[in-house]
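S.K.: Sequence and predicted model, in that order:
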Amino acid sequence: MTAVSRITRRTLLKSSAAGAAGLTAPQLFNINRRASAQGVTVEFWNPGNDPLGGPIIKKLVDEFNATAGKDAGITVNNVPVPTPNGDYTKYTTAMTTPSSPDVVMTYSYNPFIPWVANGYLLPMDKYFQELDLKQDDFYPVAWEMVNFQGQIWGLLQEFDMVEFFANQNVSTGEPPKTIEELDKVAADYVKMEGDQLVQAGIIPWAQGGFSPGGYGSWGTIWGARFYDNDARKWTINRPENTAWLDWYLKYVDMIGGREKADALISSVPKTYGTVFLYGKTAFSMEGEFIPLELGAIGQGELKDKITITHPPTVPGTTQGATCMVDAANVFCIPVNSKHVEEAAFFAKYMVSQKSLVAWSLPIGQMMPTKAAANDPTLLEQLPWMKIFNETVEAGNILAPPLSPQAVVFNQAMSLAVDNVTYKQKSPADAIAEVEQKVADAVAQFKTTNPDWQGE
Amino acid sequence: MNTTIRTPPSSNPLTRFWRRLKRSDGLAALAFASPWIIGFCWFQLYPIVASLYYSFTSYNILRPPVFVGLANYQNLFLHDELFLTALTNTAIFTLVSVPLGLAVALVLALLLNRDIPGRAAFRAIFYFPAIIPSVATGILFILILNTQGGLLNVILNRIGLPALPWLTSPGWAMPALILLSLWGIGPVVVIFLAGLQDVPRVLYEAAQLDGAGPIELVRRVTLPMISPVILFNLVIGLIAALQTFALPFVLFANKQDANSIGGPLNAALMYSVQLYSVAFQQFRMGYAAAMAWVLTVIIFTLSLAALRLSGRFVHYE
């Protein structure tokens, strides 16, 4: 018996639609025909083994494979590779081998610059131009963070920043608008039980976002600028760079010593290690994702009791730069990727407005593109994002130090803040020590990377 | 007439060695051992030799190494404060935790060697922590040692003692780490137990006839007889302590601040943790290789010293 295939109106329409999609998609995205003809599998490594981000990434990959990927002959193999404690060693080592992943996504900005500086990644300008990816679609800070040596090395999927949070269960009245007001009210909220600190107004060095010791938030507000991102030079030992640490000392005394603050911080689970979420401080600098994380730690009712505003300003300053990008998710393409064009095609799909909004809606993240950040559905469901967007759109957010020595700087700054708040060193001495360590690291880096422009 | 044709003796030692090998079973032995030999050469010997070379270079894996002579070693000893901090912390940890661990393990082994009810169960219980992964142990102890609300401090408060800042104070971070190192002494206890059971009963009986009490029995009979086991545990303990990584990394690497890896004021920054940071966060592989070689030399020297000095206190039957 011979099987005879009959052409019905339904199959004819389906075939025509598939044919049209197959013709238009590669043309639209200028993906090469080879991919369509042969069918390419792109290995996509990401840290999405977590319960929040993992399912969203999987869903986006499945959607890609069923739509744009299918049309272009690309199948993405989703490979979640955990990064415990922000450890990207597995990624780094895999990227050096011939069986490197084709495209990598990070949950952290930390490994990105060292990867770029040490030649682990491919510049993506050519492919992004072919894919018609426009710089204007992105916020300047999001574009700046992937631009090194005049080339683009990846795409941000999101970034993290902080604004000023007040817990109405602890603090009454309007949130402070100036540092002077903050100093005054913060002292009122300090509570001791015997020898133990059980509540504080704010612990600035521990409640300033992800940057070590809060240099990216409180440091920025106080005018500290440790790196000139235009000149790509370190500017660590400026007189303005110690004011925030002098201010920290006031809080060390107010709280009764650094050790008391550490004890209070240790009273909450390390995984969500911010005492603010557990109602133990009145104020904090927190990220845009916090309101959606409250439910996960049994503090869901706090969501309606939080006031989010722009941070207080220092004397004599109007609302200037108030914070630095704390962290970012990046899509990048390893130097040993076997399917570069297809990987770039997939990365572009993942930063399309639809994908970005699908990523942000359940977990609340800052969007790198203007369109996604102002998506009506996003702003309706996550209204607090407007405060964060205001800061970005006003240009009051800085990129972190865009230097290969940022890791050394961060490690040194973390110790410097410890030294100051434990009263082991003066702010000036602590900062001078940071400068020396970074200068040594720059000198060492130059021996292997003499062509790298800047420090 | 019988004529025997003899191969003239060769002056080349390699040729002589090859001929001897062919005459004996050496070739077959080598063939059977070759999987291990090849694996050792490729996966251990080559990396060891390569890392020695890299320690004199500036190297980031993907780019060719640049020879820098002794610069890495000079930087380590003359400029790198974190290296010296890590080295000092690791030395303190080793000097305290190894003798403490040996003493506690020996006491436990002596107790478990007695004919007490449930002895087998106790042996299993003491060994049990050794099979729990270090990361799980670390997370468990973060909960137990929290300064506020931690189980240990709750117990201390209940019995009228003040809470201690185990993991949050520069003064307590190292003592906490040393105490936690006792958690994994199960294998040492088992090795001591095996040694204790090997001590001939007749020696104890003779000593008792001479009027020795329990303490004298331990001092004059047990310790000399198990001294080779003590030496073994000492050397293994030194090597393990100097390479400690997982527990301090889990306890003190700050999840919120990935750059803080050494606890408060770097009071618990251990050598291997700093080495990891230099290699895999900063991609300074040449510098990390130099650190690794410094550690290797330290371990080798200490092990050699222990073995050399062992003649004075180790008794072999």
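M.R.: Yes, it's here.

S.K.: Moving C-terminal from the helix ranked longest in chain B, which element do we reach first?
M.R.: Of all the elements of type helix in chain B, the one with the most residues (DSSP state H) is helix B:81-112. If you walk from helix B:81-112 toward the C-terminus, the next helix or strand you reach (DSSP states H and E) is helix B:119-127.

S.K.: Which SSE is immediately downstream of that following helix?
M.R.: Following helix B:119-127 toward the C-terminus (DSSP H and E): helix B:134-145.

S.K.: buried set for whichever helix or strand comes after that following helix?
M.R.: Following helix B:134-145 in sequence order, the next helix or strand is helix B:151-158 (DSSP H and E). Applying a neighbour-count criterion of 16 or more other CB atoms under 10 Å in any protein chain shown, the buried positions in helix B:151-158 are B:152-153. For glycine as for every other residue, the C-beta is placed from the backbone atoms N, C-alpha and C.

S.K.: tell me what helix B:151-158 is packed against?
M.R.: For helix B:151-158, the helices and strands in contact under the criterion 3 or more CB pairs under 8 Å, 6 or more residues apart in numbering or on different chains; DSSP states H and E are helix B:134-145.

S.K.: got any ranges where the stretch 1-150 of chain B has weak pLDDT?
M.R.: Screening the stretch 1-150 of chain B residue by residue with the criterion pLDDT under 70, one finds the ranges B:1-10.

S.K.: ok, which residues in it are in contact with chain A?
M.R.: Within reach of chain A by CB under 8 Å from any CB of the partner chain, the stretch 1-150 of chain B has these residues: B:58-63, B:66, B:68, B:71, B:75, B:79-82, B:135, B:142, B:146-150.

S.K.: OK, contacts around the closest residue in space to residue A:81 that isn't next to it in sequence?
M.R.: Spatially, and ignoring its direct neighbours in sequence, residue A:81 is nearest to residue A:45 (5.1 Å; CB to CB, 6 or more residues apart in numbering or on different chains). The contact partners of residue A:45, taken as CB atoms under 8 Å, 6 or more residues apart in numbering or on different chains, are A:79, A:81, A:91, A:94, A:101, A:103-105.

S.K.: about what we covered before: please, a ChimeraX command that selects the buried ones among the residues of the stretch 1-150 of chain B next to chain A?
M.R.: Taking 16+ other CB under 10 Å as the burial criterion, the selection of buried members of these in ChimeraX is written as:
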select /B:58,59,60,61,62,68,71,75,80,82,142,146,147,148,150
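
S.K.: Was I right to think residue A:160 contacts residue A:324?
M.R.: No. In this structure, residue A:160 sits apart from residue A:324 without contact. The criterion is CB atoms under 8 Å, and the distance is 10.3 Å.

S.K.: Which residue is the nearest non-sequential neighbour of the residue in the stretch 1-150 of chain B positioned nearest to chain A?
M.R.: The shortest separation between the stretch 1-150 of chain B and chain A is 3.4 Å, found at residue B:148 (distances taken as CB to the nearest CB). Once its chain neighbours are removed from consideration, residue B:148 has its nearest residue in residue A:267; the separation is 3.4 Å (CB to CB, 6+ apart).

S.K.: Let me know the pLDDT of that neighbour.
M.R.: Looking at residue A:267, its pLDDT reads 82.

S.K.: in a strand, that's where it is, yeah?
M.R.: No. Checked against DSSP: H, G, I helix; E, B strand; the rest coil, residue A:267 lies outside a strand; its state is coil.

S.K.: That one: what's it in contact with?
M.R.: A:275, A:278, A:280, B:146-149.

S.K.: Max pairwise distance over those: which two?
M.R.: Spanning the widest gap among those are A:278 and B:147, at 14.7 Å by CB to CB.

S.K.: what stretches of the stretch 301-450 of chain A score poorly on pLDDT?
M.R.: Using pLDDT under 70 as the threshold, the predicted model of the stretch 301-450 of chain A has low-confidence ranges A:316-319.

S.K.: Contact distance from chain B - what residues of it qualify?
M.R.: The stretch 301-450 of chain A comes close to chain B at residues A:335, A:407-408, A:410-411, A:413-415, A:418-419, A:422, A:424, A:433, A:437, A:440-441, A:444, A:447-449, as judged by CB under 8 Å from any CB.

S.K.: Among the residues you listed, which lie within helices?
M.R.: Using DSSP H, the members of those that fall within helices are A:407-408, A:410-411, A:413-415, A:418-419, A:433, A:437, A:440-441, A:444, A:447-448.

S.K.: Among these, name the buried ones.
M.R.: Neighbour-count burial (16+ other CB under 10 Å) is assigned, among these, to A:407-408, A:410-411, A:413-415, A:418-419, A:433, A:437, A:440-441, A:444, A:448.

S.K.: Show me the strands in the stretch 151-300 of chain A, by range?
M.R.: Taking DSSP state E, counting those that start in this stretch as the criterion, the stretch 151-300 of chain A carries its strands at A:151-152, A:155-160, A:162-167, A:191-193, A:196-199, A:227-228, A:233-234, A:283-287.

S.K.: Same check on chain B?
M.R.: Along chain B, the segments classed as strands by DSSP state E run B:57-58, B:66-67.
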